[in-house]
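1. using only what follows, build the 3D model:
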Amino acid sequence: MSVNCDLQRERAAASLDSEDFALWWAGGASELAERRALEHRFYEDPELEESVHPSCLSYKERYEQTVARSTRFLAKLRQWQREKQPQLNLSVNLLRDFRLLLSGPLGTGLFQQSFPLRLHFSMFMTTLLSQGTEEQQAQWLNRAWHMDGVIGTYAQTELGHGTFVRGLETRADYDPERQEFVLNTPTQSSYKWWPGGLGNTANLIIVLAQLYVKGKHHGLQSFLVRIRDERTHEPLPGVDVGDIGPRMGGNGVNNGFLGLRDVRIPRNQMLMKNAQVLEDGTFVQGRPPLLLYGTMVYVRVITLRDVLFGLLQAATIATRYSVVRRQSPIEENQPEVSVLDHITQQAKILPQIARGVSYRLVADWLWRFYERVLQQLEANNPRNSLPELHALSCCLKAVATDEATEGVDRLRKSCGGHGYLSSANFDSIHGLTAAAYTYEGEYTVLLLQTARFLIRQYVDSLKRKVLPPSVSYLRDTARLVWSKSLSANCVRALEIAALEQVRQAWQTQSTHQRSKVSAQMASNLAGRQLTAAAVAHAHAFFTRNALEELERLRKTGLSKGVSSVLGELVELFVLDTFLRQSGSVLRWNSITGTQLRFVESRYEELLSQLRPNAVALVDGFDFHDRVLGSTLGCHDGRVYERLMAEARRNPLNQEPVNASFHSHLLPMMRGKL
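-> Just a heads-up that it's a prediction; the model follows:
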């Protein structure tokens, strides 16, 4: 097909070189070339094509098709890896990169409803690395990587408990005579519920269970439990396992349930890097219990990157469609214009692009911080930054997934009625983004965890103690002094609002405690203020960090075009965040109507400046048409042709008269029902 003339004109008129931006976005020329070659290798494989749109398949058919394509995909991927690097050193970094292949553009292009083995290569293997002893890693890690009789997942959440992990009911009782653990889910609410791949795919899982030795409770621990026969894949005795059913999105993941009744495992299948049970039943706590939750911190850190890709996929679809779609003349007696020429449409789309790019800058920083904390923990550094990392990963994950989910839906709405079609693919993107709002920490619970950290740091600031860098603003009580830099003004106003929200939450807690209620009840009664403080902290950190990361990048030698557009995007993100949080900002800062209008005017200027480069910018994300999976967002812009072609491909249109006419409609019309 030829390229839509409106898209051609947009690309020709842009000042941004989309290839230049793509080079930066991919991390360099070699990375971009490798990714494109890898995509070509898979997207040109006819065995990985879809004969009908996934939305036309039943739930069972979709799972079976996904598994079939997954095995084909993994075989080709392993071949490519052997060609690239014959000797692999398994590490957290390698697993992160592999997971990004599965959840990033390549995996998305092949598995719009997500990948059923995703948790095997992320949470299962990462937990083996972080919580298994050297002996356990030698026994299981290589087998897991090569999937030699091992397909794993990570089972934490239960039917009755999710983010509140201390409330988990699954038990592991140690039997010293047989040197075995006996695992049980004693109630219906203790059934494991939600783990990806658990339903029909996994045969070996990491189970979080409450450990009891001789009746004494030793908290949550991790256990390796085989649930299906390695040869036949039949559930083992005492194992009740299955799929939990269709969901709003991610229906290729095979989320499952699991019940255990007197399932015995050897003593050496408790992951014992951080804690262990000796043969006689002696419990030894080697490293801090908080390290048990390291897998969750890891997933929260990389979830930020997951949702920004979903947001930018939706933004790419909406941007291209908004150029092709013509609607309503702006000037009287003039032709209809591209929808993107309307400033109202620009305000729906361009801030979402700015948000996705700014999240990328923060996500890269957060991963580097995570690596530093891992090094501190491995060195047994008592002054490690784990509490700060935990607090940041909680609130950034919560706020990013909330705003990305809202952004994807806003972008869907910006495409009018056509955006509601499954072939536009907003439903799939939204479903996966919305899922991230809850998994590995529900939104509100994560905010409350961050708030507890903020309250502690605020109290330390009153005692003039040194604060972690991310909360250093808590000791800065200076009022906002309006300067020429609107971005600096907005960030400072957001920090002041965050400081005041933390102060108010602390005061509310203190007031309740003085009325003789428990500290826990005081926190509950101050819950609204606490969550507001964590949200405000996230917005302050996002904006400050994005600006700092931009300056750091500019010192690395960005091209003039990329530097300029990144500057506009980050500034738009800061101003948009400020305006979206204006209620909180105006409550805690003395900002005049004139100053607020300056921000609004600059916001509109940025929309106007970015508008000519909108298509070149989303082209620079370099999403293959298979990744977008959308009739509205393809690179050629042939929207109406693709919509009609997809409609004609619909199984309902493969026969002129459906059988239901003869079996039901015709008898009704003849009065024979």
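2. okay, the nearest residue to Gln581 once chain neighbours are set aside: pLDDT?
-> Closest residue in space to Gln581, ignoring its immediate chain neighbours: His539 at 5.7 Å, by Cβ to Cβ, 6 or more residues apart in numbering. Every residue, glycine included, has its C-beta placed from N, CA and C. We note a pLDDT of 98 for His539 in this prediction.
3. what's the answer for Glu19, then?
-> In this prediction Glu19 is given a pLDDT of 96.
4. next one: Arg580
-> Value listed for Arg580 in the pLDDT field: 97.
5. okay, now it: neighbour count?
-> By the measure other Cβ atoms under 10 Å, the count of residues near Arg580 is 13.
6. on that earlier part again, my read: the residue nearest to Gln581 touches Val399, true?
-> Yes: using Cβ atoms under 8 Å, His539 makes contact with Val399 at a distance of 7.0 Å.
7. work out the gap between the strand or helix carrying the residue nearest to Gln581 and the centre of the chain.
-> Using DSSP states H and E, His539 maps to helix 527-554. Offset of helix 527-554 from its chain centre (Cα atoms, centre = their mean, to the nearest Å): 18 Å.
8. helices or strands up against it?
-> helix 343-378, helix 386-414, helix 443-462, helix 486-514, helix 560-580 (3 or more Cβ pairs under 8 Å, 6 or more residues apart in numbering; DSSP states H and E).
9. separation between Pro329 and Arg267?
-> As judged by Cβ to Cβ, to the nearest Å, Pro329 and Arg267 stand 76 Å apart.
10. which residues sit in contact with Asp576?
-> Pro351, Ala354, Arg355, Tyr603 (Cβ atoms under 8 Å, 6 or more residues apart in numbering).
11. burial count for the first one?
-> Close neighbours of Pro351, defined as other Cβ under 10 Å, add up to 25.
12. that one and Leu572 touch, don't they?
-> Yes: counting by Cβ under 8 Å, Leu572 is a contact partner of Pro351 at 6.1 Å.
13. quick revisit: for the residue nearest to Gln581, what are its contacts?
-> Contacts of His539 (Cβ under 8 Å, 6+ apart): Val399, Leu494, Ala498, Thr577, Gln581.
14. if we go to 10 Å?
-> 395, 399, 403, 491, 494-495, 497-498, 574, 577-578, 580-581, 584-585 (Cβ atoms under 10 Å, 6 or more residues apart in numbering).
15. quick check on the residues you listed: which are buried?
-> 395, 399, 403, 491, 494-495, 497-498, 574, 577-578, 581, 584-585 (16 or more other Cβ atoms under 10 Å).
16. ok, then the element right after the host helix or strand of Thr126?
-> According to DSSP H and E, Thr126 maps onto helix 125-131. Counting by DSSP H and E, the element after helix 125-131 in chain order, helix or strand, is helix 134-146.
17. tell me how far the closest residue to Ser563 other than its chain neighbours lies from Phe283.
-> Closest residue in space to Ser563, ignoring its immediate chain neighbours: Arg554 at 5.6 Å, by Cβ to Cβ, 6+ apart. Using Cβ to Cβ, one obtains 53 Å as the distance from Arg554 to Phe283.
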